[in-house]
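>>> output the structure for:
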Amino acid sequence: MKNIAALLAGTVFGAGLVIGGMTEPDKVLAFLTLNSNWDATLIFVLGAAVSVAAVGFALAGRLPAPLFSQQFHTPAGTAVDRPLLLGAVIFGLGWGLSGFCPGPALVGIMTLDPRAAVFMLAYLAGVLAFQHYSRLQQAVPEGSAAGDG
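Now for the predicted structure:
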């Protein structure tokens, strides 16, 4: 049942991306570029997403556990730190330069959009680079500088 719920949620999410125009990089870039050609229609997509999320969080706060799991899986960290801010900046730059973020890019790949494929390759390279960097950071003992030897 859990997999069926995930499939249904993913299908609704993907359909929402397509209906809302979030899978069209030119439309997204027209929204992100504040000039005379600004396309404000994605504000309605944002408003709908925030409204649905607000209802979901309100309902989840009243439940003892989710429907298909033993507990809610919430983020452990709440700090707004350097890695979070740097990640947000990198995400925003990638989205602003390409018009894609990961969800719409997956939809774009399904429609054989070559721009989406290029984006996903760059995205995966970034994920791998971050994983490599994280492993290097974990290998350095606390309090020692990299390169000491």
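>>> contacts for the strand or helix carrying Ala15, please.
Counting by DSSP states H and E, the element that carries Ala15 is helix 2-20. Residues from elsewhere that reach helix 2-20 (Cβ atoms under 8 Å, 6 or more residues apart in numbering): 22-23, 42, 44-45, 48-49, 67-69, 103-104, 106-107. The way it works is simple: take the backbone N, C-alpha and C, and place the C-beta from them, glycine included.
>>> averaged pLDDT, the helix or strand following that helix. What do you get?
Next helix or strand after helix 2-20 toward the C-terminus (DSSP H and E): helix 25-32. When pLDDT is averaged over helix 25-32, the result is 90.
>>> can you list the neighbours in contact with helix 25-32?
21-22, 37-43, 95-96, 98-100, 104, 108, 115.
>>> please indicate which of those residues are buried?
Using 16 or more other Cβ atoms under 10 Å as the burial test, the contacts of helix 25-32 include 21-22, 42, 95, 98-100, 104, 108 as buried.
>>> what about the helices in the chain?
Secondary structure of the chain (DSSP state H): helices at 2-20, 25-32, 42-60, 82-98, 102-110, 114-139.
>>> run the chain-centre distance for the shortest one.
It refers to helix 25-32. Per Cα atoms, centre = their mean, to the nearest Å, the displacement of helix 25-32 from the mean C-alpha position of its chain is 17 Å.
>>> out of the contacts of helix 2-20, which comes closest to Phe57?
Nearest to Phe57 out of the contacts of helix 2-20 is Ala49 (Cβ to Cβ; 12.3 Å).
>>> distance of the closest one relative to Gly20?
8 Å (Cβ to Cβ, to the nearest Å).
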